[in-house]
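>>> attaching a predicted model along with its sequence, questions to come.
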Amino acid sequence: MLSINSRLEHDFDTFTATAQTSYARLNNRNSYNFPDALIASDFSGLPPSDFLDPETNFIDWDKRDSRLTQEFRVAALPDAQVGWLAGVVFYRDEAQRNRNSEMWYFGPSATGSTDYDLTTTGQAVFGEVNLPMNDQLQLSLGARATHESKEFHSEFTSDGMSGAVPYFAEEGEKSYDFVTGRAALTYDWSPDLMTWASLSRGYKSGGFGQGNSLMWSGVPRDPYDSSTVLTYELGARSAWLDDRLAISGALFLNDMRKEQMQTWDYEDFTGKNLNLDARSVGLELDAQYRPSDRWWLSSGVAYTNTALRNVSEEAAALQDGLNSGNHLPTVPEWSAKAAIGYQVAGQDLGLGGVLADGTVNARLAYNYMGSRYTDASNFGKLPPVHLVSARLGMDFGNSEVYFFGDNLLDEEYMSIKDRFGTDAEGNPVFGVSYARGATVGLGAALHF
């Protein structure tokens with residue numbers, strides 16, 4: 001993984017000008033030997049050992065993603081009576097997926113090689129203004145207008161499996177023009193209590209799914225539509241105990257139109273992209289407490305209720321169990337977090353040399369994810385997860401070195417549970433994937 005960021009800023013007499021450039025790249029390679037052995041055994045009733053030949057049962061993935069962003073903005077000075085900003089942004093995303101596989105039990109749909117390339121380019125103008133209505137009430141208005149283009153090319157080459165076309169290629173291009181924005185009212189009841197109400201409109205452009213489960217038969221993929229969301233929010237933020245305790249909370253409602261989802265037909269091993277209406281409502285509560293200048297504690301809890309809406313008979317026919325009222329995939333009903341942190345100057349710990357000029361920071365965190373589903377039909381339900389992470393670093397102002405650890409309890413938990421069909425006795429068979437176990441590492445960052 002590579003990430004490069006730069007920020008140039010200059011204060012003029014009446015405004016601040018900023019230029020920001022960022023580039024990120026991630027390359028990932030995954031190789032799986034006999035990935036479907038257990039599933040094929042359940043389907044066929046044969047022992048898993050019959051499917052353990054890595055020469056005829058494997059998946060090799062090469063995944064490459066990159067994003068380049070350039071932004072220019074001007075903004076009012078911090079002490080301006082009316083706050084405002086305006087700017088333009090340009091971005092270019094590239095995604096490549098190369099898969100070579102053979103899972104002979106699933107026939108030609110899971111064999112051969114597939115290459116996929118997607119390029120997304122976009123340009124946007126944006127602006128925001130904060131208008132004080134009186135000493136306590138403020139109105140904020142913001143908007144962004146975007147033009148985005150997507151272009152893809154994909155190829156399939158058979159490995160000779162009977163039933164598959166020798167070669168198939170497809171390509172497509174689509175453009176999208178859309179406006180997003182936000183309006184908010186904030187009211188300062190006192191220096192220690194503020195409330196707000198906001199309305200925002202979000203947009204996700206349509207496109208071409210990365211996977212086409214029918215390429216082996218020469219059938220092109222169908223593009224999916226754009227989706228929109230209207231978000232309504234009411235919240236409050238407060239400070240207590242001489243600003244050592246901060247408590248905030250919010251109620252929200254997300255009204256989603258044509259939300260982008262995927263379905264899987266386990267009878268013929270084909271997937272489709274769908275656009276379905278949905279809604280989510282919930283609340284969030286967060287608190288942070290500083291018992292001293294060095295120590296801090298934080299906690300939070302969230303509740304979210306989600307539901308598909310207006311599922312048509314045509315959409316329901318594409319996947320068994322797809323109905324109005326189903327929960328949205330990957331969204332837990334309950335989630336929670338807690339953390340404890342410590343920060344102190346190196347010299348106060350008795351460190352010498354260059355370490356005396358740095359700041360030591362440490363954090364121990366706990367996260368809870370409640371049960372959730374991995375598919376819109378709500379067949380694959382995942383159990384709750386408890387995760388512990390930690391971080392210890394030395395910050396020198398323009399650079400930082402740190403140790404980190406994730407999932408320190410080495411909890412083995414499922415991240416995917418998709419229904420693949422039924423076994424010889426008619427019982428459901430699920431394909432599952434487990435998240436990475438305990439991970440520790442060393443990192444460094446430079447700021448210039």
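Thanks, I have it. Keep in mind that what you see is a predicted model, and the values were worked out from it rather than measured.

>>> what ranges do the strands span in the stretch 101-250 of the chain?
111-132, 137-157, 167-190, 193-204, 227-240, 245-265 (DSSP state E, counting those that start in this stretch).

>>> between these, which gets nearest to residue 81?
Distance to residue 81, taken as CB to CB, is lowest for strand 111-132 among the strands of the stretch 101-250 of the chain, at 7.0 Å. To be clear about C-beta, it is placed using only N, CA and C from the backbone, and glycine gets the same treatment.

>>> so what strands line up beside that closest one?
strand 83-103 (antiparallel), strand 137-157 (antiparallel) (DSSP bridges).

>>> out of the ones you listed, which comes closest to residue 23?
Between the strands paired with strand 111-132, strand 83-103 lies closest to residue 23; by CB to CB that is 9.8 Å.

>>> buried residues, that closest one. List them.
For strand 83-103, burial by neighbour count (16 or more other CB atoms under 10 Å) applies to 83-85, 87, 89, 91, 93, 95, 97-103.

>>> who are the packing partners of the helix ranked longest in the chain?
Longest helix of the chain, by residue count under DSSP state H: helix 37-44. Where contact means 3 or more CB pairs under 8 Å, 6 or more residues apart in numbering; DSSP states H and E, helix 37-44 is packed against strand 414-422, strand 428-434.

>>> most tightly surrounded among those strands?
Of the helices and strands packed on helix 37-44, the one with the most neighbours on average (mean count of other CB atoms under 10 Å) is strand 414-422, at a mean of 16.

>>> tell me what angle it forms with strand 245-265.
Orientation of strand 414-422 against strand 245-265 (axes from the mean of the first three to the mean of the last three CA atoms, to 10 degrees) gives an angle of 20 degrees.

>>> mind exporting the C-alpha coordinates of strand 414-422 to PDB?
Extracted in PDB, the C-alpha atoms of strand 414-422 (Å, rounded to 0.1, in the frame of the first residue of the first chain):
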ATOM      1  CA  MET A 414     -17.300 -14.900  10.000                       C
ATOM      2  CA  SER A 415     -17.300 -11.900   7.700                       C
ATOM      3  CA  ILE A 416     -19.300 -13.600   4.900                       C
ATOM      4  CA  LYS A 417     -22.100 -16.300   5.000                       C
ATOM      5  CA  ASP A 418     -23.700 -16.800   1.600                       C
ATOM      6  CA  ARG A 419     -26.300 -19.400   0.800                       C
ATOM      7  CA  PHE A 420     -25.000 -21.700  -2.000                       C
ATOM      8  CA  GLY A 421     -27.800 -24.200  -2.200                       C
ATOM      9  CA  THR A 422     -28.800 -27.400  -0.500                       C
END
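
>>> okay, now the sheet partners of that strand, with direction.
Using DSSP bridges, strand 414-422 pairs in its sheet with strand 428-434 (antiparallel).

>>> what's the strand it pairs with in contact with?
Applying CB atoms under 8 Å, 6 or more residues apart in numbering, the set of residues contacting strand 428-434 from outside is 36, 39, 42-43, 379-380, 412-423.

>>> bridging residues for residue 364?
So, taking DSSP bridges as the rule, residue 364 has residue 340, residue 390 as bridge partners.

>>> next, count neighbours for it.
A count of nearby residues for residue 364, using other CB atoms under 10 Å, gives 16.

>>> that one touches residue 298, doesn't it?
No. Proximity of residue 364 to residue 298 does not meet the contact threshold set by CB atoms under 8 Å, at 11.1 Å.

>>> shared neighbours, those two?
339, 340, 341.

>>> out of these, flag the one nearest to residue 308.
Of these, the one sitting nearest to residue 308 (CB to CB) turns out to be residue 339, at 33.8 Å.

>>> how far away is that closest one from residue 367?
9 Å (CB to CB, to the nearest Å).

>>> circling back to that earlier point, out of the helices and strands packed on helix 37-44, which comes closest to residue 212?
Short answer: strand 414-422, nearest of those by CB to CB, at 17.2 Å.
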